[in-house]
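J.: Kindly generate the corresponding structure for this input.
(chains A and B)
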There are 2 protein chains.
Amino acid sequence: MEFTGKQIQEARERIAPFVDETPLLRLKALDAYLGCQVYVKAECMQKTGAFKLRGAMNRILTLTDEELSRGIVAASSGNHGRAIAYGARMKGARAVIVMPRTAPEAKKKAIMELGAEVVLCEAPERFEVAERICMERGSTMIPPYDDYDVMAGQGTLGLELMEQCPELSTVIVPASGGGLIGGVSAAVKSVSDHTKVYGAEPSALPRYTESLKAGEPVLVPMKKSLADALVSQRPGLKNFPVVKAYVDGFASVDDPFMLKGMELLLMEGKVLAEPSACIGIGAVLEGRIPVGKEDKVCFVISGGNLGFEQLEILKDAAQFA
Amino acid sequence: MEFTGKQIQEARERIAPFVDETPLLRLKALDAYLGCQVYVKAECMQKTGAFKLRGAMNRILTLTDEELSRGIVAASSGNHGRAIAYGARMKGARAVIVMPRTAPEAKKKAIMELGAEVVLCEAPERFEVAERICMERGSTMIPPYDDYDVMAGQGTLGLELMEQCPELSTVIVPASGGGLIGGVSAAVKSVSDHTKVYGAEPSALPRYTESLKAGEPVLVPMKKSLADALVSQRPGLKNFPVVKAYVDGFASVDDPFMLKGMELLLMEGKVLAEPSACIGIGAVLEGRIPVGKEDKVCFVISGGNLGFEQLEILKDAAQFA
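T.: Numbering: from 1, shown residues only, chains lettered A, B, ... in the order given. Below is the predicted model:
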């Protein structure tokens, strides 16, 4: 495997001037609901509102001046696109973000305000369009997860949280393609032999649960879920072996439990996060990850980008409760 | 003045086993909006959801076993009542909380769940009813602010935040009767000669602005404000001289700026607080407290107790923005 803790350590030094060390909050108010000692890694307070800046910045900082001068391209309507736009600006590089025509106006605006060019296309064509732009301009495409530098950048979050509380018994990470959970699990296992790492993914898109069963990355059918940041249908080819080596287990989580987790985090913990970021709390609420009263359990709250009007979805959570 | 930094130091040791040290969060996402380096003292994450536990606990811990056996009484429909109920339970004492009949069902329930007896009455009679119960049962009444032990307990928050960031240039505190701002200003000035302390109060109830002008505590007329935790009409007689000695200035803040502050804290800072707790942010948004780009400014976020349905009031803030 071409991925080690050393790459994560190097990433950490490289990105330190550009990202924040986010707080690890001890939220006692949630203990009774979750049956453990609750810690949250508040990556919703990270610059650009999500962990994505760590990986994007690490990859951008490995580019030569010549590569930077030819620009950076990403296909993403969400947190990855915003992170690339911000990172490119930090390095004075041009960024093109390819977004589906259907992306919310607020997201387009946020990315344009960071100085990036936005190219709109039909959703299924977005990678093709991004690749064509790279070919035409000689730009570098930065993928959202299937890349060692990106995964190493996300892993810095795992080093941070183990320094903030070395006694953590369990770390629970939202999972999609595997950039975050690959990096975090490798980081945690590189510094601790007593900490378990679990992934949580939407039950509508159980790409890791199915792939680990099959022993190789498999494609799951596209289905709707409210976890709008966890939509990949297949594990990343570079992420899968890392996840397979270091992750202790996966939980698939139903939307109502994720929303209930978001409501608990907000109303009892006083922390606002996007729905996808709360899937780990949902996993414990749904009884899918084993935790004990004395366990120190860290929930990685991966992002906090949502509009005020999206808080409306919590009304469903309240009905469900 | 019978109130010194020493009493706050003693309070801190006394209440340490019962209260949490809340985080001081550096919220860079708010810097551009407020024109300074933003720190928040997240007392919304305190046990019982507000700073009130500090003062209530400190007073309860000065009671003899004999006094405890005769019970504790408080007149409060809000955070003070909840803190007294919790503190009494910690010490195995009976608590009676006198509440207006009009208090929301959720607040009554929360206090009853802590094992306290709830006595309902008409709002203007609540202190009279509470005193009668004290006389009948020999119980001790614990006032919400006009008491040296209560004020010393609230002051522990000031010692904490100056330890968490000794370089703070400014601390901004929501003000009502003066328990919190009296304690915090005395604490800050006892350990720092370079930190300014400002109070923020609703412009509908400018009891400190008017009293400082008059040189003595004056009564302001009752007017409506959305700052439902900052309703006292007159400074506390024990609090006023402390505030007069240590506070550098007061801002009176209009409701729309307070709500805008609440919205910013939630949507950009990712921290949920009750409206009253956001009045300091509102004060800076309204231009009522001088801050500079290099200033490290701490906003005391005094509490976070609100129901999901109360988030609706932010729709007004959004319109106003």
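J.: Which strand residues bridge residue A:95?
T.: Beta-bridge partners for residue A:95, by DSSP bridges, are residue A:72.
J.: Give me the neighbour count for it.
T.: 26 (other CB atoms under 10 Å in any protein chain shown). Any C-beta I mention is one placed from the backbone N, CA and C, and that applies to glycine too.
J.: Contact partners for the residue lying farthest from the centre of chain A?
T.: Taking CA atoms, centre = their mean as the measure, the residue most remote from the mean C-alpha position of chain A is residue A:136, 30.1 Å away. Residues near residue A:136 by CB atoms under 8 Å, 6 or more residues apart in numbering or on different chains: none.
J.: element containing it?
T.: Assigning secondary structure by DSSP states H and E places residue A:136 in helix A:126-137.
J.: can you list the weak-confidence ranges in chain A?
T.: A:1, A:316-321 (pLDDT under 70).
J.: Measure how buried the closest residue in space to residue A:114 that isn't next to it in sequence is and give me the count.
T.: Distance criterion CB to CB, 6 or more residues apart in numbering or on different chains; nearest residue to residue A:114, sequence neighbours excluded, is residue A:85 at 3.9 Å. The tally of other residues near residue A:85 (other CB under 10 Å) stands at 26.
J.: just residue A:294 next, same as before
T.: Using other CB under 10 Å, residue A:294 has 8 neighbouring residues.
J.: in the longest helix along chain A, what counts as buried?
T.: Ordering each helix of chain A by length in residues (DSSP state H) puts helix A:148-164 first. Residues of helix A:148-164 classed as buried: A:148-162, A:164 (neighbour count, 16 or more other CB atoms under 10 Å in any protein chain shown).
J.: and which of those residues is nearest chain B?
T.: Lowest distance from chain B to these (CB to the nearest CB) belongs to residue A:164, with 11.5 Å.
J.: That closest one: what's it in contact with?
T.: A:23-24, A:41.
J.: tell me which element the residue nearest to residue A:156 when sequence neighbours are not counted falls in.
T.: Excluding the flanking residues, the one nearest residue A:156 by CB to CB, 6+ apart is residue A:12, at 4.4 Å. Applying DSSP H and E as the criterion places residue A:12 in helix A:5-15.
J.: name the helices or strands packed onto that helix?
T.: Counting by 3 or more CB pairs under 8 Å, 6 or more residues apart in numbering or on different chains; DSSP states H and E, the packing neighbours recorded for helix A:5-15 are helix A:52-60, helix A:148-164, helix A:179-191.
J.: which ones are touching the closest residue to chain B within the stretch 1-150 of chain A?
T.: Proximity to chain B, evaluated over the stretch 1-150 of chain A using CB to the nearest CB, is greatest for residue A:44 at 4.7 Å. With contacts defined as CB under 8 Å, 6+ apart, the neighbours of residue A:44 are A:50, A:271-274, A:277, A:301-304, B:270.
J.: measure the residue lying closest to it once chain neighbours are set aside to residue B:269 for me?
T.: Among residues not flanking residue A:44 along the chain, residue A:304 sits closest, at 2.7 Å (CB to CB, 6+ apart). Here residue A:304 is placed at a distance of 9 Å from residue B:269 (CB to CB, to the nearest Å).
J.: hey, what's in contact with both of these two?
T.: Taking CB under 8 Å, 6+ apart as the criterion, residue A:304 and residue B:269 both touch residue A:45.
J.: Which one's more surrounded, the two?
T.: Neighbour count, other CB under 10 Å: between residue A:304 and residue B:269, residue B:269 has more, with 27 against 24.
J.: thinking again about what came up before, sheet partners, orientation included, of the next helix or strand after the helix holding residue A:12?
T.: Remark: after helix A:5-15, the chain's next helix or strand is strand A:24-26, criterion DSSP H and E. Strand pairing for strand A:24-26, using DSSP bridges, gives strand A:37-42 (antiparallel).
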